[in-house]
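Chemist: Sharing a model prediction with you, sequence too.
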6 protein chains.
Amino acid sequence: MSVWLESLITATPQEGFELAITLARKGVGYIQKDEAVKARLREDYSNNADSLTLASQVVAINFQTVAAANNYWRK
Amino acid sequence: MSVWLESLITATPQEGFELAITLARKGVGYIQKDEAVKARLREDYSNNADSLTLASQVVAINFQTVAAANNYWRK
Amino acid sequence: MSVWLESLITATPQEGFELAITLARKGVGYIQKDEAVKARLREDYSNNADSLTLASQVVAINFQTVAAANNYWRK
Amino acid sequence: MSVWLESLITATPQEGFELAITLARKGVGYIQKDEAVKARLREDYSNNADSLTLASQVVAINFQTVAAANNYWRK
Amino acid sequence: MSVWLESLITATPQEGFELAITLARKGVGYIQKDEAVKARLREDYSNNADSLTLASQVVAINFQTVAAANNYWRK
Amino acid sequence: MSVWLESLITATPQEGFELAITLARKGVGYIQKDEAVKARLREDYSNNADSLTLASQVVAINFQTVAAANNYWRK
């Protein structure tokens, strides 16, 4: 796979949160590489409350990592 | 997306907890952007015990991050 | 919402554990505010083994936060 | 509730693990206090693989807390 | 129960990972002690994808603890 | 089992993420060793949205460990 993650450091917390979303998606992308399948599954889970909560949980776990890496963007 | 997260620092633990709730919601909001769909799903999961517990778990994970960022609001 | 969380510091580990339970409940309470609905749902999940384990998990995650805030109540 | 948790410090890692189990049970015990109900539910979940894995997960989370409190029992 | 956990320190990361698996199993073993029941349940969950992922999650949580205890086996 | 994990240290965050995926798979591999069964289960879960999210969660937890071990690849 080509380079997609060069650093965990981001300029702002919001960019860090968006990186956490990328990490959550990549965790899926390494397992299911077929774009058509992923599009169909996204349709499924984006209309199910528990699926969305579960996805938000993965983002939260990754955000812990990114936030720690950035020393919580303390000034 | 416009700026919604400028800092993880809050004045009090309660504001930190409320920020954790915002983070949990944003984790969903980046995936499902349709407000009508979100309103319907909220109706679903807010009346299901396990869905609420799962949502509370995402808040708890995000609160870990916010609390650490604030050095636990120790005086 | 009125002030309900002024500090994460508690005198004893047990009080810290009880604060973790409060945090878990508040995570639900911000989403579902209707007391009658919450009472009905509590009836549901308090009689289901997996629901109780899931609730205990949210308490465990919050207890991690409270315990760290209190430096594990080390003497 | 009477005092059941005076310290997170234990003499050995195994005692720490057993304390983690106690914490997981207490997380349930604060919600469902009826001993007869708990006995029935225990019968249910102790014969279901996923329920047991879920319970083991709560123990693992609590063990993180107890192990950190004890500085991992490093000599 | 006899002594089964004397230390979280291991010589290598792989031994640490294997200790994490032991901790996950012990989390179950303290609840369900009947070997015949455990063998039957193992048959169930070892043939179900989500059950295996859930078990791998418990291992991952325990590996966090063991890795921290060993200061990540940094040289 | 032969040596498969000699170090948690990686040159880049992306290699660290890929190691986290390996750890997640090994967590399964120690339980279910039959390659044919694993191939069949992989077919199942790689076509189910929640199964993929759950797998991504295990990767996220392991990535926390690997990232901490590498001090977040800070320069």
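Modeler: Right, received. Where do you want to start?

Chemist: May I ask you to name the longest helix in chain A?
Modeler: Secondary structure of chain A per DSSP state H: the longest helix is helix A:49-69.

Chemist: Summarise which helices and strands the helix or strand bottoming out on mean pLDDT in chain A is packed against.
Modeler: One helix or strand of chain A scores below all others by mean pLDDT, DSSP states H and E: helix A:35-45, with a mean of 93. Contacts defined by 3 or more Cβ pairs under 8 Å, 6 or more residues apart in numbering or on different chains; DSSP states H and E place helix A:35-45 against helix A:49-69, helix F:49-69. C-beta here means a position set from N, CA and C on the backbone, and glycine is covered the same way.

Chemist: Counting by contacts, list what the first one packs against.
Modeler: Helix A:49-69 sits against helix A:13-29, helix A:35-45, helix B:13-29, helix B:35-45, helix B:49-69, helix F:49-69, with contacts defined as 3+ Cβ pairs under 8 Å, 6+ apart.

Chemist: Redo the ones you listed as JSON lines? Include mean neighbour count.
Modeler: Formatted as JSON lines, these follow (neighbours: other Cβ atoms under 10 Å in any protein chain shown):
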{"stretch": "helix A:13-29", "mean neighbour count": "21"}
{"stretch": "helix A:35-45", "mean neighbour count": "13"}
{"stretch": "helix B:13-29", "mean neighbour count": "21"}
{"stretch": "helix B:35-45", "mean neighbour count": "13"}
{"stretch": "helix B:49-69", "mean neighbour count": "24"}
{"stretch": "helix F:49-69", "mean neighbour count": "24"}
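
Chemist: Kindly reformat the ones you listed as TSV containing distance to residue E:16.
Modeler: Shown next, in TSV, are the helices and strands packed on helix A:49-69 (distance: least, Cβ to Cβ, whole Å):
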stretch	distance to residue E:16
helix A:13-29	22
helix A:35-45	34
helix B:13-29	31
helix B:35-45	38
helix B:49-69	23
helix F:49-69	10
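
Chemist: for the ones you listed, which one sits closest to residue A:71?
Modeler: Ranking the helices and strands packed on helix A:49-69 by their distance to residue A:71 (criterion: Cβ to Cβ) puts helix B:49-69 first, at 8.9 Å.

Chemist: average pLDDT for that closest one?
Modeler: What helix B:49-69 shows for mean pLDDT is 97.

Chemist: Stretch A:17-27 now?
Modeler: Computed over stretch A:17-27, the average pLDDT equals 97.

Chemist: what's that stretch in contact with?
Modeler: Stretch A:17-27 has contacts (Cβ atoms under 8 Å, 6 or more residues apart in numbering or on different chains) with A:4-5, A:8, A:10, A:55, A:58-60, A:62-63, A:65-66, B:5, B:23, B:26-27, B:30, F:17, F:21, F:55-57, F:59-60, F:63.

Chemist: can you give me how far it is from the chain middle?
Modeler: The chain centroid and the centroid of stretch A:17-27 are separated by 2 Å, computed with Cα atoms, centre = their mean, to the nearest Å.

Chemist: Now render the helices and strands packed on helix A:35-45 as a markdown table, adding distance to residue C:46.
Modeler: As requested, the helices and strands packed on helix A:35-45 are exported to a markdown table (distance: least, Cβ to Cβ, whole Å):
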| stretch | distance to residue C:46 |
| --- | --- |
| helix A:49-69 | 20 |
| helix F:49-69 | 25 |
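
Chemist: for the ones you listed, which one sits closest to residue B:34?
Modeler: Judging those by Cβ to Cβ, what sits closest to residue B:34 is helix A:49-69, at 11.6 Å.

Chemist: gap between residue A:9 and residue A:70?
Modeler: 6 Å (Cβ to Cβ, to the nearest Å).

Chemist: neighbour count winner among the two?
Modeler: residue A:70 (22 against 18; other Cβ atoms under 10 Å in any protein chain shown).

Chemist: Quick check, that one in contact with residue A:16.
Modeler: Yes: counting by Cβ atoms under 8 Å, residue A:70 touches residue A:16, with 5.8 Å between them.

Chemist: if I look at these two, which residues touch both of them?
Modeler: Common neighbours of residue A:70 and residue A:16, using Cβ under 8 Å, 6+ apart, are residue A:10.

Chemist: quick one: the residue most central in space within chain A from residue A:28, how far?
Modeler: Centroid-nearest residue in chain A: residue A:21, 2.2 Å away (criterion: Cα atoms, centre = their mean). Remark: distance between residue A:21 and residue A:28 (Cβ to Cβ) = 11 Å.

Chemist: Nearest spatial neighbour of residue A:52, chain-adjacent residues omitted?
Modeler: Excluding the flanking residues, the one nearest residue A:52 by Cβ to Cβ, 6 or more residues apart in numbering or on different chains is residue B:28, at 4.7 Å.

Chemist: For that neighbour, which residues are in contact?
Modeler: Counting by Cβ under 8 Å, 6+ apart, residue B:28 makes contact with A:52, A:53, A:55, A:56, B:38.

Chemist: could I get the residues you listed as JSON lines with distance to residue D:75?
Modeler: JSON lines is the format used below for those (distance: Cβ to Cβ, whole Å):
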{"residue": "A:52", "distance to residue D:75": "46"}
{"residue": "A:53", "distance to residue D:75": "43"}
{"residue": "A:55", "distance to residue D:75": "42"}
{"residue": "A:56", "distance to residue D:75": "41"}
{"residue": "B:38", "distance to residue D:75": "53"}
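
Chemist: Could you identify the most distant pair in those residues?
Modeler: So, these by Cβ to Cβ: farthest apart are A:55 and B:38, at 13.4 Å.

Chemist: Just the closest of the contacts of residue B:28 to chain D, please.
Modeler: Minimum distance to chain D across the contacts of residue B:28 is 16.3 Å, recorded for residue A:53 (Cβ to the nearest Cβ).
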